[in-house]
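Peer 1: with the sequence up front, the predicted model follows.
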Amino acid sequence: MTTGGQDFSGGAAFVGGAYVPASEARISVLDWGFTRSDVTYDVVHVRDGGFFRLADHLDRFERSLAAMRLAPPHDRAGIATIVARCVALSGLRDAYVAMICTRGRPRVFGSRRPADCDNAFVAYAIPWIDVIPPAVQERGAHLHIASIPRVGAASVDPTVKNYQWGDLTRGLLEAHDQGADTAVLLDAEGFVTEGPGFNVFTVRDGVVSTPDRGSLEGITRWSVLELCEEIGLPARIAPLRREDLLQADEMFCTTTAGGVMPVSRVGGHIMANDRPGPVSTRLKSLYWEKHAAGWHRTPVNYADADHPLGAAAI
């Protein structure tokens with residue numbers, strides 16, 4: 001969409017108090033979000049012109065801000081308005097939408113005190129992203145069990161969204177070296193945690209399980225647990241180990257950027273005849289059917305794109 005002489009068709013961003021095409025969004029190289037990964041964020045998706053569980057994503061973003069002692073220059077209502085306007089400007093009906101707060105730059109040159117920084121807020125809406133491509137989901141993803149342990153929760157709280165991806169990236173590189181699509185990481189004690197950008201679930205003897213530690217408390221993960229309760233499918237949050245993955249009847253991953261994504265292989269273990277299993281397929285179908293029916297939907301007001309640009313429009 002072109003508004004005010006600017007082309008937002010590739011996505012729209014809010015940075016430095018103004019709306020710009022996503023390709024033009026910039027932060028300073030001196031921002032601690034860049035130099036120290038001192039930043040938190042959240043991601044919500046838009047499907048068929050509506051946000052999914054926007055209030056829940058805002059709740060989690062606020063918890064992350066509090067945990068990292070960050071205070072963006074906009075309140076909750078302001079943030080909701082900004083992300084909605086980014087979507088409206090882009091004209092995207094299916095979008096990946098991020099809200100980000102960085103520590104910012106120190107007001108005092110050379111300061112090492114976080115309190116000397118002015119926290120900065122950035123948001124953007126870009127075309128839909130699938131963490132695991134649709135064609136891979138169709139045949140079931142192949143997961144590698146990484147030899148790289150997940151960073152300990154005592155050092156980096158996994159329930160606070162962050163850009164500390166050193167361990168996840170190493171696991172992903174290792175997975176690609178082995179010809180797998182992506183990775184799942186264990187912690188130092190051998191318990192299953194998560195993958196690069198997604199939660200994991202196993203299905204064994206009709207029981208759905210997801211790890212109880214070392215992972216983000218994903219909104220899609222929560223949604224799947226709700227769906228299991230709705231259809232009477234036994235589900236639990238419980239400790240899982242490598243052997244639980246290698247003995248699973250089925251496995252699937254969940255994320256905002258992709259929904260419910262079936263797995264057909266993990267660590268060489270082939271499940272459900274090397275295809276998505278029946279439970280995974282049922283939950284995936286139900287997840288998107290409920291989306292289409294308006295489940296937890298907040299419509300985007302695309303007419304908002306007609307308003308004058310800039311922070312004054314907030």
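Peer 2: On my side now, so go ahead. These numbers come from a predicted model, not from an experiment.
Peer 1: which residues of this structure fall in helices?
Peer 2: 32-35, 54-68, 76-90, 134-139, 166-177, 219-231, 242-246, 278-292 (DSSP state H).
Peer 1: residues touching the third one, excluding its own?
Peer 2: Think helix 76-90. With Cβ atoms under 8 Å, 6 or more residues apart in numbering as the contact definition, helix 76-90 has outside contacts at 1, 3, 8-14, 19, 22, 44, 46, 51, 54, 58, 61-62, 72, 74, 95, 97, 99, 121, 123-126, 300-305, 307, 309, 313-314. All C-beta spots, glycine's among them, are computed from the backbone N, C-alpha and C.
Peer 1: Produce a PyMOL select command limited to the buried residues of these.
Peer 2: Listed next is the PyMOL selection for buried residues among the contacts of helix 76-90, using 16 or more other Cβ atoms under 10 Å:
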select buried, resi 3+8+11+12+13+14+19+22+44+46+51+54+58+61+72+74+95+97+99+121+123+124+125+126+300+302+305+309
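Peer 1: buried set for stretch 266-273?
Peer 2: 266, 271-272.
Peer 1: still on that earlier bit, ok, which of the helices of the chain comes nearest Arg105?
Peer 2: Proximity of the helices of the chain to Arg105 was assessed by Cβ to Cβ; the nearest stretch is helix 32-35, lying at 7.3 Å.
Peer 1: nearest to Val279, of the buried residues of stretch 266-273?
Peer 2: Among the buried residues of stretch 266-273, and counting by Cβ to Cβ, the member closest to Val279 is Ala272, at 9.1 Å.
Peer 1: so what's the residue lying closest to that closest one once chain neighbours are set aside up against?
Peer 2: Spatial nearest neighbour of Ala272, excluding adjacent residues (Cβ to Cβ, 6 or more residues apart in numbering): Glu250 at 5.6 Å. If you count contacts by Cβ under 8 Å, 6+ apart, Glu250 has them with 202-204, 262-263, 271-272, 276-280.
Peer 1: just the buried subset of the residues you listed, written out for PyMOL, thanks.
Peer 2: Of these, the buried ones go into a single PyMOL selection, burial set by 16+ other Cβ under 10 Å:
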select buried, resi 202+203+262+263+271+272+276+277+279+280
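Peer 1: just the contacts of Glu250: which are in strands?
Peer 2: If you go by DSSP state E, the contacts of Glu250 have 202-204, 262-263 in strands.
Peer 1: of those, which pair is most distant in space?
Peer 2: Largest pairwise distance in the ones in strands among the contacts of Glu250, by Cβ to Cβ, is 15.2 Å, between Arg204 and Pro262.
Peer 1: residue contacts, His142?
Peer 2: Here His142 is in contact with 179-181, 263-266 (Cβ under 8 Å, 6+ apart).
Peer 1: how about 10 Å then?
Peer 2: 136, 175, 178-182, 263-268, 270, 274 (Cβ atoms under 10 Å, 6 or more residues apart in numbering).
Peer 1: which of those residues sits closest to Glu189?
Peer 2: Gly267 (17.8 Å).
Peer 1: and for the spatially closest residue to that closest one that is not a sequence neighbour, the neighbour number?
Peer 2: Among residues not flanking Gly267 along the chain, Ile145 sits closest, at 4.2 Å (Cβ to Cβ, 6+ apart). Neighbour count for Ile145, taken as other Cβ atoms under 10 Å: 21.
Peer 1: just checking, Ile145 touches Gly268?
Peer 2: Yes. Applying Cβ atoms under 10 Å, one finds Ile145 in contact with Gly268, separated by 8.9 Å.
Peer 1: how much space between Val279 and Thr220?
Peer 2: Separation of Val279 from Thr220 (Cβ to Cβ, to the nearest Å): 16 Å.
Peer 1: give me the neighbour count for the closest residue to Trp288 other than its chain neighbours.
Peer 2: The shortest distance from Trp288 to any residue other than its chain neighbours is 6.5 Å, reached at Gly259 (Cβ to Cβ, 6+ apart). Gly259 has 24 neighbours, counted by other Cβ under 10 Å.
Peer 1: got a pLDDT number for Gly259?
Peer 2: At Gly259, the pLDDT value in this model is 97.
Peer 1: return the set of residues that bridge with it.
Peer 2: Thr255 (DSSP bridges).
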